[in-house]
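Participant: here is my input, please return the structure:
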Amino acid sequence: MDIDLITLSEGEHVVSKKKEGKAVQKRSITEGLLNPVEKAQLTHYYLTGEKSYQLDVDRLVKQTGASDHHEAYQAIQHQLFDHHDIPFHGPEIGTEDFTFIDLFAGIGGFRMALQNNNGRCVFSSEYDKYAQKTYFANYGEVPFGDITLDETKKFIPLNFDVLCGGFPCQPFSLAGVSKKNSLGRSHGFDDVKQGNLFFHIVEILETHRPKAFFLENVKNLVSHDKGNTFKVIKQTILDLGYSFDSRVIDGSYYVPQHRERTFMIGFDRKRYGEDVTFDFDRIILPDAKPRVGEILQQNIDPKYTLSDKLWQYLQDYAQKHKERGNGFGFGTITADSTTRTLSARYYKDGSEILVPQDGMNPRRLTPQECAALQGYPMYPINVDNPNASFRITVSDNQAYKQFGNSVVMPLIQVIGRQLSKHLNYLDGRNIEVGNRITTAI
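Facilitator: Numbers count the residues shown, from 1 in each chain. Purely as a prediction, here's the structure:
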């Protein structure tokens, strides 16, 4: 029996069985009959080879109706998920320096940064279906969904080296807290939907005991609730038997955008000793900062220019708050500027970063410019090869939200490089101590 992969509209594929010259449709692989968890299992197993995914993947392959299991398996893996067509795939199995899991993965800023440091991702989780689509387009893997569910956590491999993620910042950010206060809603850990996601990270750390963790959140996390929130986070981590070091760093050293974020790194003290720490001073920040003119494109589609009505509204709004002594208002840039922080609300009016235009209303940044503003490789802005460019496969509105929620990828990469070096040092030290003990015995 021949196994054939039939292409349908919008990239849908099905595995079919050829019988008497007619194709009989079986289960859909990328759309339709396979649910999100099954898609995640198939793509994770193909890219990671983790045995924890194998049993369910074998079952799914058999359900294609193929009499030859191996043939169907190859048809799914090598035709549908062409490894060489993935723009950003990590090191091959066995060649990595460390493994990691990517929680609250978004569009994969942590993944790209750590893969660039020869890390191999063995599990990813992201709740938003549009972010999942972007993630799959760039890394060839569909993230698992809601990490608060036990049915998602059960797919995390037993062993991995680093837990990383930028857990949702809205409950702790200045803008998020202000908005929730104005609406009478809870924030911080009292935000039931997002504020307690940190404790799911704690649960995973406790269950799997990775060598290290690497977390990111907003600058305001440190001062939220008069510092009590951060004290709880730090003490909870210490009580687990991990070290805890943190630093607020501005992404403007690596991209032309003010984006101050709190970074937290810790190591398993049971493995490496009570004195283990991470020295953020080892991260050498560049002397010269990039400028936004480096990422601005020419001949922009007129649709990104603000309408007369919106531009007038923004000017009136800014004037009203200026008269009240407030600093609220739009922000325009020059080629030499460092922009304000790109937010997930940028799609609404673009007010925080507007590009002046001669004889015209200002315009928003394009999604491609937003990608470059967060440090992603984007052809032709900062890479010359279109095949090495980040893929945007969603609407402009969704893209603005995704890049507004993203980490500054090059900064994560620089911190990740020091984390990898320190892990290598700590593991080498442990081996050396073990060898001395063995020799003495």
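Participant: the chain: strands as residue ranges?
Facilitator: 3-7, 13-19, 22-28, 98-103, 119-124, 162-165, 212-218, 245-250, 260-267, 355-357, 360-363 (DSSP state E).
Participant: point out where the chain drops to low pLDDT.
Facilitator: 1-33, 64-84, 169-195, 327, 431-441 (pLDDT under 70).
Participant: same thing but 50
Facilitator: Within the chain, the set of residues satisfying pLDDT under 50 comprises 1-25, 28-32, 66-70, 72-73, 75-77, 79-80, 171, 173, 176-183, 186-195.
Participant: Ile381 contacts Gly293, correct?
Facilitator: No. Between Ile381 and Gly293 there is no contact under C-beta atoms under 8 Å: 11.4 Å. Placement of C-beta: from N, CA and C, glycine included.
Participant: give me the more crowded residue out of the two.
Facilitator: Of the pair Ile381 and Gly293, Ile381 is the one with more neighbours under other C-beta atoms under 10 Å, namely 18 against 12.
Participant: now for the nearest residue to the more buried one once chain neighbours are set aside: which residues touch it?
Facilitator: Once flanking residues are discounted, Ile381 sits nearest to Ala372: 4.4 Å by C-beta to C-beta, 6 or more residues apart in numbering. Applying C-beta atoms under 8 Å, 6 or more residues apart in numbering, we find Ala372 in contact with Val255, Ile295, Met378, Ile381, Asn382.
Participant: distance check, Ala372 against Asp56.
Facilitator: Going from Ala372 to Asp56 by C-beta to C-beta, to the nearest Å gives 39 Å.
Participant: next one: Phe104
Facilitator: Taking C-beta to C-beta, one finds Phe104 at 24 Å from Asp56.
Participant: so for those two, which residue has more residues nearby?
Facilitator: More crowded of Phe104 and Asp56, by other C-beta under 10 Å: Phe104, with 26 against 15.
Participant: what about Gln315, how many neighbours?
Facilitator: Around Gln315 there are 12 other residues, counting by other C-beta under 10 Å.
Participant: distance check, Gly325 against Arg59.
Facilitator: 65 Å.
Participant: who has more neighbours, the two?
Facilitator: Shown here are Gly325 and Arg59; by other C-beta under 10 Å, Arg59 has more neighbours (11 against 6).
Participant: buried stuff in stretch 230-244?
Facilitator: Phe230, Ile233, Thr236, Ile237, Leu240, Gly241, Tyr242, Ser243, Phe244 (16 or more other C-beta atoms under 10 Å).
Participant: could those go into CSV alongside distance to Glu50?
Facilitator: Listed next are these as CSV, based on distance: C-beta to C-beta, whole Å:
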residue, distance to Glu50
Phe230, 34
Ile233, 29
Thr236, 28
Ile237, 26
Leu240, 24
Gly241, 25
Tyr242, 24
Ser243, 27
Phe244, 29
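Participant: is Val383 in contact with Pro377, as I believe?
Facilitator: Yes. Contact criterion C-beta under 8 Å: Val383 and Pro377 qualify, at 4.4 Å.
Participant: give the buried residues for stretch 127-140.
Facilitator: 127-128, 130-140.
Participant: nearest residue to Val355 other than its sequence neighbours?
Facilitator: Leaving aside its sequence neighbours, Val355 sits nearest to Arg363 (C-beta to C-beta, 6+ apart; 5.1 Å).
Participant: measure the residue nearest to Ile381 to Arg209 for me?
Facilitator: For Ala372 relative to Arg209 (C-beta to C-beta), the value is 38 Å.
Participant: follow-up on the earlier one: okay, and which of the buried residues of stretch 127-140 map to helices?
Facilitator: Judged by DSSP state H, those include Tyr130, Ala131, Gln132, Lys133, Thr134, Tyr135, Phe136, Ala137, Asn138, Tyr139 as members of helices.
Participant: for the last one, give its distance to Gln54.
Facilitator: Remark: distance between Tyr139 and Gln54 (C-beta to C-beta) = 20 Å.
Participant: just the fifth one next, same as before
Facilitator: Relative to Gln54, Thr134 is positioned 27 Å away (criterion: C-beta to C-beta).
Participant: list the contacts of Met409.
Facilitator: Gly109, Met112, Ala113, Gln374, Gly375, Tyr376.
Participant: which one is Lys289 nearest to, not counting chain neighbours?
Facilitator: Ser252 (5.5 Å).
Participant: how about Pro290?
Facilitator: Pro256 (4.6 Å).
Participant: now do Asp336
Facilitator: Arg291 (5.1 Å).
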